[in-house]
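S.K.: take this sequence and fold it.
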Amino acid sequence: METWAAPDSLQGLLQRGRGRGYSLALNAPDAREHVLACIAHDPRWWPQIEQRGEYLARLVVELEIPVAELPIDPHDADLLSGIGFPVLVEMSRLGDTSAAAILHQHLSSTTGDDWTWAVDQVWAHAGAAARDGLRELILSRLHDDELAAAVTHAPDGPWQAWSDEPLVAYALSRAPVPQLPHRPDFTDVTRSELLSAADTARGQRGRGAALRELAARGDLALLDLAELEAQLGRGDSALTTALLRLGPVTLPRARSWVTDADPWLQAVGRDVVAAHGDQSDAPAILEWFDAAVDTGEWCDTEDLAAGLARLEHQPALPSLHRAWALTPHSTARLDYLRALIDLDSPELTEHLTDATDDCEDDVRDLAHDTCHTLRRT
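M.R.: Residues are numbered from 1 along each chain as shown. Take a look at the predicted model:
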């Protein structure tokens, strides 16, 4: 979504998936309308990786909101890409047969590239309420060619469970078995051959493996390659990863890259300094962190937060507190919480309480583990 409510408002807290928002909503008179608004307007900053489904579904159950009131259309072709689908899946997992019925309606009335994926998701995650009748529903709408295109060999998928059905068994026998991608072994390859394979202009397969091997050998030619790729506008994540693996030897060049005109090389320089820099780099890392927060470059803040924690840079605490409150990118809170723990924030108890009901399971797990450790000590 394009805008988020104020971070300290109930709507803003719920949009961001904050644990504090969850706890406040349980007793707020207007919580129902705010939860329904989050379902109507997907609040995830990065929908492909952020979690909100379980968080919102638990609130729907706790607030006793009837499924019929949810702003979800079972015939919406875009249902799978929105927040409504994971909300229904979680509610169905919790035993809500009305949520399961909406999922069945969607699977019985829609098609598209993601349809088979949705069948797998409902089978794997929506619990007994959704599995009941799913076999009959799916098999009744698929003809032979459609069935052959739909089945997969996933060992925990529905098709294996339904393989006692002759048509499914036949479709499985014709379906291609997925092959693991081939990863070239470059351990005995010469340096010149590795550099050739790492050249993006040649478009050769195995470039990532070649870059990894060069990094494992500590080959500083990667530094020259990075500057060449930046000039050609071809820098990518595989080369970034290789440069990070080189370790502290990259620092002298990386410190010069942070002011480079090329955005990719500048970002690589900052990543390397955050990962391998020393105390003299901490003020600069904090400046980059604050700038990323100001401009909403939330992914950039994650590695920078880790760097500030590694360097035990106490002046970063106010900035980390600010980022925790502001970010709509819920997965970033994992790195912030790690940093707050490592820096022994005076407000750590407050953050742990907030994180205990966070929408992200990794954040919740870290909070629970940390609370357990603190109680033991």
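S.K.: what's stretch 257-276 in contact with?
M.R.: 226-227, 229-231, 233, 235-236, 239-240, 243-244, 247-248, 250-251, 254-256, 281, 284-285, 288, 300, 303-304, 306-308, 310 (C-beta atoms under 8 Å, 6 or more residues apart in numbering). All C-beta atoms are positioned from the backbone trio N, CA, C, and that covers glycine.
S.K.: buried residues, it. List them.
M.R.: 257-258, 262, 264-276 (16 or more other C-beta atoms under 10 Å).
S.K.: just those: which are in helices?
M.R.: The members of these that map onto helices under DSSP state H are 257, 264-276.
S.K.: just to revisit the earlier point, now the contacts of stretch 257-276: which count as buried?
M.R.: Listed as buried from these are 226-227, 229-230, 235, 239-240, 243-244, 250-251, 254-255, 281, 284-285, 288, 300, 303-304, 306-308, 310; burial here means 16+ other C-beta under 10 Å.
S.K.: any low-confidence regions in the stretch 51-200 of the chain?
M.R.: By pLDDT under 70, the weakly predicted segments of the stretch 51-200 of the chain are 181, 200.
S.K.: sorry, back to before: okay, and which of the buried ones among the contacts of stretch 257-276 map to helices?
M.R.: Counted as lying in helices by DSSP H, out of those, are 226-227, 229-230, 239-240, 243-244, 251, 254-255, 284-285, 288, 300, 303-304, 306-308, 310.
S.K.: pull the contacting residues for the residue lying farthest from the centre of the chain.
M.R.: The outermost residue of the chain relative to its centre, with distances by C-alpha atoms, centre = their mean, is residue 166 at 38.7 Å. Residue 166 makes contact with no residue, according to C-beta under 8 Å, 6+ apart.
S.K.: now do the SS call for residue 42.
M.R.: coil (DSSP: H, G, I helix; E, B strand; the rest coil).
S.K.: what does the lengthiest helix in the chain contact?
M.R.: The helix that spans the most residues within the chain, counting by DSSP H, is helix 361-376. For helix 361-376, the surrounding residues in contact (C-beta under 8 Å, 6+ apart) are 19, 51, 54, 330-331, 333-334, 337-338, 341, 352, 355-358.
S.K.: can you pick out the most distant pair from these?
M.R.: Maximum pairwise distance among the contacts of helix 361-376 (C-beta to C-beta): 23.6 Å, between 54 and 341.
S.K.: quick revisit: reformat the ones in helices among the buried residues of stretch 257-276 into CSV and put pLDDT next to each item.
M.R.: Below are those laid out as CSV (pLDDT from 0 to 100):
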residue, pLDDT
257, 97
264, 95
265, 96
266, 96
267, 96
268, 97
269, 97
270, 97
271, 97
272, 98
273, 98
274, 98
275, 98
276, 98
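S.K.: which of those sits closest to residue 171?
M.R.: Residue 171 lies nearest to residue 264 out of those, by C-beta to C-beta, at 45.2 Å.
S.K.: wait, what's in contact with the residue lying closest to residue 353 once chain neighbours are set aside?
M.R.: Using C-beta to C-beta, 6 or more residues apart in numbering and skipping residues adjacent in sequence, the residue nearest residue 353 is residue 19, 7.2 Å away. Shown in contact with residue 19 (C-beta under 8 Å, 6+ apart): 353-358, 364.
S.K.: repeat that with 7 Å
M.R.: Under the criterion of C-beta atoms under 7 Å, 6 or more residues apart in numbering, the contact list for residue 19 reads 354-358.
S.K.: how about CSV for those, with pLDDT, distance to residue 126 and secondary structure added?
M.R.: Conversion of the contacts of residue 19 to CSV gives the following (pLDDT from 0 to 100; distance: C-beta to C-beta, whole Å; DSSP: H, G, I helix; E, B strand; the rest coil):
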residue, pLDDT, distance to residue 126, secondary structure
354, 98, 29, helix
355, 98, 27, helix
356, 97, 26, coil
357, 97, 23, coil
358, 98, 23, coil
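S.K.: how many residues are close by residue 341?
M.R.: With neighbours defined by other C-beta atoms under 10 Å, the count for residue 341 comes to 19.
S.K.: on the pLDDT front, check it for me.
M.R.: You'll see residue 341 listed with a pLDDT of 98.
S.K.: residue contacts, residue 233?
M.R.: Contacts of residue 233 were listed using C-beta under 7 Å, 6+ apart, and none were found.
S.K.: in which helix or strand would I find it?
M.R.: Using DSSP states H and E, residue 233 sits within no helix or strand.
S.K.: coming back round to it: farthest pair in the buried residues of stretch 257-276?
M.R.: Farthest apart among those by C-beta to C-beta are 262 and 276. That separation is 20.4 Å.
S.K.: and stretch 129-140, what's buried?
M.R.: In stretch 129-140, counting by 16+ other C-beta under 10 Å, buried: 129-131, 134, 138.
S.K.: I should have written stretch 216-226 there, sorry.
M.R.: 219, 222-223, 225-226.
S.K.: same thing with stretch 106-124?
M.R.: Burial within stretch 106-124, assessed by neighbour count using 16+ other C-beta under 10 Å, is assigned to 106-107, 110, 114-116, 118-123.
S.K.: same check, this time on stretch 164-182
M.R.: 168, 171-172, 175.
S.K.: okay, stretch 242-261 in PDB with CA atoms only?
M.R.: C-alpha atoms of stretch 242-261 as PDB (Å, rounded to 0.1, in the frame of the first residue of the first chain):
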ATOM      1  CA  ALA A 242      31.200 -12.800  -3.500                       C
ATOM      2  CA  LEU A 243      32.700  -9.500  -2.400                       C
ATOM      3  CA  LEU A 244      31.200  -9.800   1.100                       C
ATOM      4  CA  ARG A 245      32.800 -13.300   1.300                       C
ATOM      5  CA  LEU A 246      36.200 -11.900   0.600                       C
ATOM      6  CA  GLY A 247      36.200 -10.400   4.100                       C
ATOM      7  CA  PRO A 248      38.100  -7.500   5.500                       C
ATOM      8  CA  VAL A 249      40.600  -7.400   2.700                       C
ATOM      9  CA  THR A 250      37.900  -5.700   0.700                       C
ATOM     10  CA  LEU A 251      37.700  -2.700   3.000                       C
ATOM     11  CA  PRO A 252      40.200  -0.300   1.500                       C
ATOM     12  CA  ARG A 253      38.500  -0.400  -1.800                       C
ATOM     13  CA  ALA A 254      35.000  -0.600  -0.300                       C
ATOM     14  CA  ARG A 255      35.600   2.600   1.700                       C
ATOM     15  CA  SER A 256      36.300   4.400  -1.600                       C
ATOM     16  CA  TRP A 257      33.200   2.900  -3.200                       C
ATOM     17  CA  VAL A 258      30.700   4.400  -0.700                       C
ATOM     18  CA  THR A 259      31.000   7.800  -2.600                       C
ATOM     19  CA  ASP A 260      31.000   6.300  -6.100                       C
ATOM     20  CA  ALA A 261      28.500   7.600  -8.700                       C
END
